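Trainee: Take this sequence and fold it.
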Amino acid sequence: MTQHVLAIDQGTTSTRAIVFDAAGAIVSTAQREHEQILPRAGWVEHDPVEIWTGTEWVIAASLARAGVPASDIAAVGVTNQRETAIVWDRRTGRPINNALVWQDTRTQSRIDELARDGGPQRFAEITGLPLATYFSASKIAWILDHVSGAREAAAAGELLFGTPDTWIVWNLTGGARGGIHVTDVTNASRTLLMDLRTLDWSDELLEVWGIPRAMMPEIRSSSEVVGTAHLPDSLHGVPIAGILGDQQAATFGQAAFDAGESKNTYGTGNFLLVGTGTEIVRSESGLIATVAYRCGDEPARYALEGSIAVTGSLVQWLRDNLGIINRSEEVETLAATVADNGGAYFVPAFSGLFAPYWRPDARGALVGMTRYVNKAHIARAALESTAFQTRDVIEAVVADTGRPLDELRVDGGMTRDDLLMQFQADILGIPVVRPKVVETTALGAAYAAGLATGVWRDRDELRSHWREDTRFEPRMPADERERRYRLWKKAVSKSLDWVDDDARALVGTTGA
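Mentor: As a prediction, the model looks like this:
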């Protein structure tokens, strides 16, 4: 009987389930969006119950569409939006608060307070991460501080924390009736609570944030059997054998396993990962050190990452907040009606700027506006901002490694946009390579699960599955490329130093 692997991809805006065959090809897929809850400026929340019910639905739909019974599913792999914090009652299985999403910036005052003693790199030697609202630790602490009775319940061992992978696996394996409370090394490395060297929770950092160790999941490898599914019925008895944070999963799906190999994922945000092997490399250029993956009992592999907060979500913003487009797919068509951006540059610093700037005081800026600029120019500027931000992090990679990239492998939903991919090649001056399967995040989770259960022999076999689809060669003259990048850097400078006491007071007054 043909073996299949099911990947659950729990993302920032939707949850998908994809059935892959033994050749790594997509057999079926199902997707469901979930609500983006925005109570006020800087606050971004999700309903964990909605995420779980959506997960149940996409599992059932993908299996039905594939016509595949549970007996033909060799394993389940889970990949997820990282850093997003969920806290729930272990007895009832009910979340005590909405999930605080990785984009949420409400904890900036606590970050600032800790950074006064040691700066933003205060814990980087332990965690590889700067002090930032991006990571999970401050979100967990905020929930414990602001939900009535939460700290007492946590101290009594009644509460559990997890990123979405942990929440899904706990529910898959039985929830309040015996669910397994685990995460993997890649997700744990994004909490600001794990020691990169020991791959265990840091007692020092748990104490700094006031988080009981009993709340924290067990840290497991990315590719190993962690338990079996009990829910939904359509997956009963199937081993759960792969867990990876979404960007690490995409790297695994691109078969970028070794030091020096890289990928760039275009999703809600953009994330460039460059492998550093078993060595932890400390960036001096605004990148972060993270775990790339761990297979079984092998040593962990590490990576440098350039994290960009807003790319695909900017297209959603054009759709939902401005009504410039009706569907996200229309942005390319609209942008293609003009030859360039008309002089407009869009810096989407909605949650501050992440790598390589790490400027929480930045806010979104649309500059260079004249009466000539129309909605098509704004659409084009929005797409181009993704390419410019990618060049920012690649410049940081080159500065850290001393080695330029020969080409850029890309994946994620936005890579279907040929106009964006061509502009990306133009602004980088190197080829951009899109694979046959662009859903590499889900594919990576499937690969990790299949490796642990014998569907695939080894990583060399996975390399043989990778196929190039389209190669975008740079066409823009070098002087024009550099002129546009200079203007982008000027636009970035206009977005800085926006958040101050006056801006905070305005947000507090409007509740926006």
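Trainee: Please count neighbours and contacts with C-alpha atoms only from this point.
Mentor: Fine.
Trainee: name the element W88 belongs to?
Mentor: strand 86-89 (DSSP states H and E).
Trainee: Enumerate the positions of that strand that are buried.
Mentor: Using 16 or more other C-alpha atoms under 10 Å as the test for burial, strand 86-89 gives I86, V87, W88, D89.
Trainee: now for it, which elements pack on it?
Mentor: Packing partners of strand 86-89 (3 or more C-alpha pairs under 8 Å, 6 or more residues apart in numbering; DSSP states H and E): strand 99-100, helix 137-146, strand 159-162.
Trainee: Walk me through the domains of the protein.
Mentor: Annotated domains of the chain cover 4-254, 310-435+470-499 [the TED database].
Trainee: Out of the ones you listed, which gets nearest to A445?
Mentor: Among the domains of the chain, the nearest to A445 by C-alpha to C-alpha is domain 4-254 (4.7 Å).
Trainee: Figure out the length between the terminal residues of that closest one.
Mentor: End-to-end distance for domain 4-254, by C-alpha to C-alpha, to the nearest Å: 19 Å.
Trainee: Same question for stretch 305-320.
Mentor: Note: stretch 305-320 ends 30 Å apart using C-alpha to C-alpha.
Trainee: Over to stretch 279-296?
Mentor: Stretch 279-296 end-to-end distance (C-alpha to C-alpha) = 18 Å.
Trainee: again with stretch 279-299
Mentor: For stretch 279-299, the end-to-end distance is 10 Å (C-alpha to C-alpha).
Trainee: For it, buried residues please.
Mentor: In stretch 279-299, counting by 16+ other C-alpha under 10 Å, buried: 280-283, 285-296.
Trainee: and if you look at stretch 195-207?
Mentor: D195, L196, L199, D200, W201, S202, L205, L206.
Trainee: which one of those sits closest to V492?
Mentor: Distances from V492 to the buried residues of stretch 195-207, taken by C-alpha to C-alpha, are shortest for L196, at 31.9 Å.
Trainee: right, and the closest one touches A292 too?
Mentor: No. Using C-alpha atoms under 8 Å, L196 makes no contact with A292, being 11.2 Å away.
Trainee: State the distance from the residue in the chain sticking out farthest from the centre to V492.
Mentor: Residue farthest from the centre of the chain, counting by C-alpha atoms, centre = their mean, is R371 at 36.9 Å. Separation of R371 from V492 (C-alpha to C-alpha): 22 Å.
Trainee: Y372 now?
Mentor: Counting by C-alpha to C-alpha, the gap from Y372 to V492 is 22 Å.
Trainee: can you map out the strands along the stretch 401-512 of the chain?
Mentor: 408-411, 432-435, 468-472 (DSSP state E, counting those that start in this stretch).
Trainee: pull the longest helix from this structure.
Mentor: For the chain, the longest helix by residue count, based on DSSP state H, is helix 375-401.
Trainee: what mean pLDDT does that helix have?
Mentor: Per-residue pLDDT values over helix 375-401 give a mean of 93.
Trainee: Show me which residues of that helix are buried.
Mentor: For helix 375-401, by 16+ other C-alpha under 10 Å, it's 376-397, 400.
Trainee: ok, now stretch 145-158?
Mentor: A150, R151, A154, E158.
Trainee: go on, stretch 209-219?
Mentor: Neighbour counts over stretch 209-219 (16+ other C-alpha under 10 Å) mark W209, G210, I211, P212, R213, M215, M216, P217, E218, I219 as buried.
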